[in-house]
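give the three-dimensional model of this entry:
(one chain, ligands or ions: 1)
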Amino acid sequence: MSTIPSPLRQLLALAPVIPVYTPQSVGEAVQVAAALHRGGLPVIEVTLRTPVALAALEAMVKALPDAVIGAGTVLDGLHFDAAARAGARFVVSPGLTPRLLAAASAHALPFLPGVQSASELMAGLEAGLDTFKFFPAAPAGGTAMLRAFAGPFPQARFCPTGGITVETAPGYLRLGNVLCIGGSWLTPRAMLAAGDWVGVEGLARQAAAVGNEKRGTGNE
Ligand SMILES: O=C(O)C(=O)C[C@H](O)[C@H](O)COP(=O)(O)O
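All right, here's what the predicted structure looks like:
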């Protein structure tokens, strides 16, 4: 059996926490990416939820070649193609549909689709995937649900995202089937509006410290 992790798993091993960021302007996006990177979180998910998101993603990729900037909220093939053209290094979706899966297989980009239930997870496994976003993590059962998945699905690994805070992060990162977690708590809108990049860097530093201390420790 091969022991080399897939490109997706290698990417998710780079940092314990993936900040989820919704850009309001290109200038802001570059500052946010730089602050998160300085704070020790090089893997960043940019949600395609605002008209400026693709331009922001492209500018972040150009400004920070050492960071790993991906696209989130990718809902269909058009989004997937646009994300790839903008230079995304990975693609995240809140869910998984047959059409999205077909779009993903037309690209070489690591793809992290979302699942919430056993049946959705089984559909993903049937399609040959083994690594998923667990979304929305907190409302869908949190760490208890992930522990329950570990029994029937020992091969599956997760990046839980949705409703996670710096306080609940360690509980997720201790689980043996969690590779990393995602969240928007690192880019609070008020802090961004105030241009408080030192504050963003501080939140990243705190999350990186918590994450690196806890990740995989309990192997629960
Ligand atoms: O749309 C996507 O592809 C996403 O990635 C959704 C995000 O993961 C959540 O919106 C983040 O959830 P919060 O940390 O609770 O804000």
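
mind checking which helix or strand the nearest residue to F90 once chain neighbours are set aside is in?
By the measure of Cβ to Cβ, 6 or more residues apart in numbering, the closest residue to F90 outside its immediate chain neighbours is G70, 3.6 Å from it. Where C-beta positions appear, they are placed from N, C-alpha and C, glycine not excepted. For G70, the element it lies in under DSSP states H and E is strand 68-72.

buried ones in the helix or strand just after that strand?
Sequence-wise, the next helix or strand downstream of strand 68-72 (DSSP H and E) is helix 77-85. For helix 77-85, the buried set under the neighbour-count rule, 16 or more other Cβ atoms under 10 Å, comprises G77, H79, F80, A82, A83, A84.

check whether whichever strand or helix holds L57 contacts the ligand.
Per DSSP H and E, L57 falls inside helix 53-63. No. Helix 53-63 does not reach the ligand (Cβ under 6 Å from any ligand atom); its nearest approach is 11.1 Å.

write out the residues of this protein neighbouring the ligand.
Residues of the chain lying near the ligand (Cβ under 6 Å from any ligand atom): 20, 45, 47, 72-73, 92-94, 135, 161-164, 182-184.

give me the buried entries from those.
Buried among those (16+ other Cβ under 10 Å): 20, 45, 47, 72-73, 92-94, 135, 161-164, 182-184.

thinking again about what came up before, and of the buried residues of helix 77-85, the nearest to L173?
The nearest member of those to L173, counting by Cβ to Cβ, is A83 at 26.8 Å.
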